[in-house]
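[1] Structure here, sequence nowhere to be found:
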């Protein structure tokens, strides 16, 4: 979950990207830069090192941005994070940007948790049904939790649909305990 600071930064970035018609490009750029950070722990260590002044960090970032062909909006955003000592939380800011863009596009996010992996046909049908129920486009992510035993647990925003075997068994235990 993104912090309120990350959401504020992301909203501003989303507004600028939308104004300039670059939202897709900025999203791609953020992914490219994130991949570069993941590929190089030394780069992250250098950019996060408080003993290194901002100027050399800026040069490194701008050089990398040039190699990755990042647009100016993205570069400026990364530099703001860098200057404010937030580059270590880069993933959180990217997540907040994605959420801001989804919100503007009327997309709601959901998490489907199952005991085993779900095939693409089931995933597609879940997306379709949940879009109908929520009256919005739904973007789902999937998790596995063997303790569910079977069934599904679905969270769309703050709404939870729990049809897991584990929950059903707990309900039976609770009812038996009362009688």
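    That came through, no problem. If you're wondering where the values come from, they're calculated on a predicted model, not measured in any experiment. Numbering: from 1, shown residues only.

[2] Now do the SS call for the most centrally placed residue in the chain.
    The residue lying closest to the centre of the chain (Cα atoms, centre = their mean) is residue 95, at 3.4 Å. Secondary structure, DSSP: H, G, I helix; E, B strand; the rest coil: residue 95 is helix.

[3] Please tell me I have it right and it contacts residue 7.
    No: in this structure, residue 95 is not within contact of residue 7 by Cβ atoms under 8 Å, at 9.7 Å. Just so you know, the C-beta spots here come from the backbone N, C-alpha and C atoms, and that holds for glycine as well.

[4] quick revisit: contacting residues for the residue nearest to the centre of the chain?
    For residue 95, the contacting residues are 2, 6, by Cβ atoms under 8 Å, 6 or more residues apart in numbering.

[5] Next, the residues that contact the helix or strand of the chain with the lowest mean pLDDT from outside, please.
    Every helix and strand in the chain was compared by mean pLDDT, DSSP states H and E; the lowest is helix 165-178, with a mean of 87. Under the contact criterion Cβ under 8 Å, 6+ apart, helix 165-178 has outside partners 115, 147, 148, 149, 150, 151, 153.

[6] Could you give the number of residues near residue 117?
    Using other Cβ atoms under 10 Å, residue 117 has 9 neighbouring residues.

[7] Just confirm it contacts residue 143, I think it does.
    No: using Cβ under 8 Å, residue 117 makes no contact with residue 143, being 10.0 Å away.

[8] Please, where are all the strands along the protein?
    All strands of the chain, identified by DSSP state E, fall at 107-114, 137-144, 152-156, 159-162.

[9] Of all the ones you listed, which one is nearest residue 46?
    For those, proximity to residue 46 was assessed by Cβ to Cβ; strand 137-144 is nearest, at 31.7 Å.
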